[in-house]
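Q: got a structure for you, letters missing:
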């Protein structure tokens with residue numbers, strides 16, 4: 001592979017990974033799911049987030065992302081929908097009773113009525129990712145700044161697959177870290193309060209997103 005392409009790949013890969021390290025709504029949802037659901041079900045939220053990212057990557061590579069980003073109406077609608085979705089998740093977290101966190105004390109997670117299913121977690125993760133306009137704008141900025149017409153389709157596909165896998169692997173690593181008994185025991189004592197705090201954070205983020213969309 002040409003050194004120019006290697007440098008281009010590393011530039012995008014590093015920028016993408018650094019963005020993952022910055023805690024946002026998706027990261028908060030992963031933590032919430034990891035401390036409240038079994039490891040297998042929590043992976044659903046990681047798969048959902050990765051799928052949403054993959055869809056935006058495909059749209060950007062296909063040139064559709066540019067069209068979406070250029071439409072003020074679509075971007076405002078995405079912001080409002082995404083903000084309201086985060087507010088909804090926040091309300092669910094705030095409303096949850098302390099008794100619903102009792103099953104977290106079990107070392108080996110077992111199916112519980114209060115735990116969410118893999119499908120529900122996947123849907124939550126996908127909606128969080130797809131209704132976050134920042135994901136579209138982030139990938140759009142990466143591809144428009146770094147990629148040119150000289151770049152082959154194969155290179156673009158490899159880059160897209162790489163970023164999707166990294167998103168999924170990062171979220172899964174967080175989930176497995178929180179599934180360790182020692183780590184989990186510490187989180188168990190604070191799970192109720194952590195869920196409330198993350199719920200408030202999600203609500204504030206959602207409110208700020210809706211507010212910024214309506215004031216522009």
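A: Structure received. None of these values were measured; they are calculated from a predicted model. Numbering: from 1, shown residues only.

Q: Please identify the buried residues of stretch 122-138?
A: When burial is assessed from 16 or more other CB atoms under 10 Å, stretch 122-138 yields the following buried residues: 122, 124-133, 135-138. Glycine gets a C-beta too; all of them are placed from N, C-alpha and C.

Q: which residues touch that stretch?
A: 19, 24-26, 29-30, 33, 44-53, 55-56, 59-60, 65, 68-69, 75, 78-79, 81-82, 85-86, 89, 116 (CB atoms under 8 Å, 6 or more residues apart in numbering).

Q: Which of the buried residues of stretch 122-138 sits closest to residue 201?
A: Comparing these against residue 201 with CB to CB places residue 128 closest, at 13.3 Å.

Q: roughly how far apart are that closest one and residue 24?
A: Taking CB to CB, to the nearest Å as the measure, residue 128 falls 9 Å from residue 24.

Q: same check, this time on residue 96
A: 22 Å.

Q: Ok, residue 93 next?
A: 16 Å.

Q: again, but for residue 202
A: 10 Å.

Q: of these two, who's got more company?
A: residue 202 (25 against 14; other CB atoms under 10 Å).

Q: so that one touches residue 88, yeah?
A: No: look at residue 202 against residue 88 with CB atoms under 8 Å: they stay out of range, at 9.3 Å.

Q: Quick check: neighbours shared by these two?
A: In contact with both residue 202 and residue 88: no residue, using CB under 8 Å, 6+ apart.

Q: looking at it, residue 117 is touching residue 42, isn't it?
A: No: taking contacts as CB under 8 Å, residue 117 lies outside contact range of residue 42: 11.0 Å.

Q: So between these two, which is more surrounded?
A: residue 42 (31 against 14).

Q: residue ranges of the helices in this protein, please?
A: Listed in chain order, the helices of the chain (DSSP state H) span 3-21, 25-36, 39-62, 64-70, 72-95, 118-130, 133-146, 153-179, 181-214.
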